[in-house]
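Enquirer: sequence below, structure please.
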Amino acid sequence: MKHVQSSVLLACALSAALPARATMDNMSGTGDAHQAGGKSHQDPADSSFMAHGKINRIDAEAGTVNITHGPIKALNWPGMTMGFRVADKALLKGLKAGDEVDFDLAKASAGNYVVIRISPSK
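Expert: So this is what the prediction gives:
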């Protein structure tokens, strides 16, 4: 009986996980956590991408920023909350949690995206 219950639970867990994986396959460029499965209209390797969002956290020493951003159509990304490295820690100077910002992303050599420009929204 325990074996049957375990099998049913495993089947349920897998059926719930597959749609999430399919969604991730359509999100190109999400970095090391997932290799790009979809294609965007632009070649991410040669471009930067503009976005708008709100800063949740900054770790200036580590050179990272956590941002809740809107959809980035060129990358086929829905709006979401993500952590990003910045190309230069100096980009974070003067920014704080709660700031609405406009920022540009570029693809890093590791395949993930880094912030190359960030400034308060006007």
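
Enquirer: low-confidence ranges, the chain, go.
Expert: Along the chain, the model assigns pLDDT under 70 to residues 1-46.

Enquirer: tell me which stretches of it form helices.
Expert: With helices called from DSSP state H, the chain shows them at 2-25.

Enquirer: direction included, what does the strand ranked longest in it pair up with?
Expert: Secondary structure of the chain per DSSP state E: the longest strand is strand 48-59. Using DSSP bridges, strand 48-59 pairs in its sheet with strand 64-69 (antiparallel), strand 100-107 (antiparallel).

Enquirer: any chance you could give me the first one in PDB, C-alpha atoms only?
Expert: It stands for strand 64-69. Extracted in PDB, the C-alpha atoms of strand 64-69 (Å, rounded to 0.1, in the frame of the first residue of the first chain):
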ATOM      1  CA  THR A  64      24.100  42.600  -7.000                       C
ATOM      2  CA  VAL A  65      20.600  44.100  -7.200                       C
ATOM      3  CA  ASN A  66      17.200  42.400  -6.800                       C
ATOM      4  CA  ILE A  67      14.600  44.000  -9.100                       C
ATOM      5  CA  THR A  68      10.900  43.300  -9.700                       C
ATOM      6  CA  HIS A  69      10.600  44.200 -13.400                       C
END
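
Enquirer: how about residues contacting stretch 112-122?
Expert: 29-32, 44, 48-49, 52, 65, 75, 84-87, 91-92, 95, 99-108 (C-beta atoms under 8 Å, 6 or more residues apart in numbering). Yep, even glycine has a C-beta here, placed from its N, CA and C like the rest.

Enquirer: with only the CA atoms kept, save that stretch in PDB.
Expert: Extracted in PDB, the C-alpha atoms of stretch 112-122 (Å, rounded to 0.1, in the frame of the first residue of the first chain):
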ATOM      1  CA  ASN A 112      23.300  35.100 -17.700                       C
ATOM      2  CA  TYR A 113      22.300  38.800 -17.900                       C
ATOM      3  CA  VAL A 114      24.100  41.600 -16.100                       C
ATOM      4  CA  VAL A 115      23.000  45.200 -15.500                       C
ATOM      5  CA  ILE A 116      25.100  47.600 -17.600                       C
ATOM      6  CA  ARG A 117      23.100  50.800 -16.900                       C
ATOM      7  CA  ILE A 118      20.700  51.600 -14.100                       C
ATOM      8  CA  SER A 119      19.200  55.000 -13.100                       C
ATOM      9  CA  PRO A 120      16.100  56.300 -11.300                       C
ATOM     10  CA  SER A 121      13.000  56.600 -13.400                       C
ATOM     11  CA  LYS A 122      12.000  60.100 -14.300                       C
END
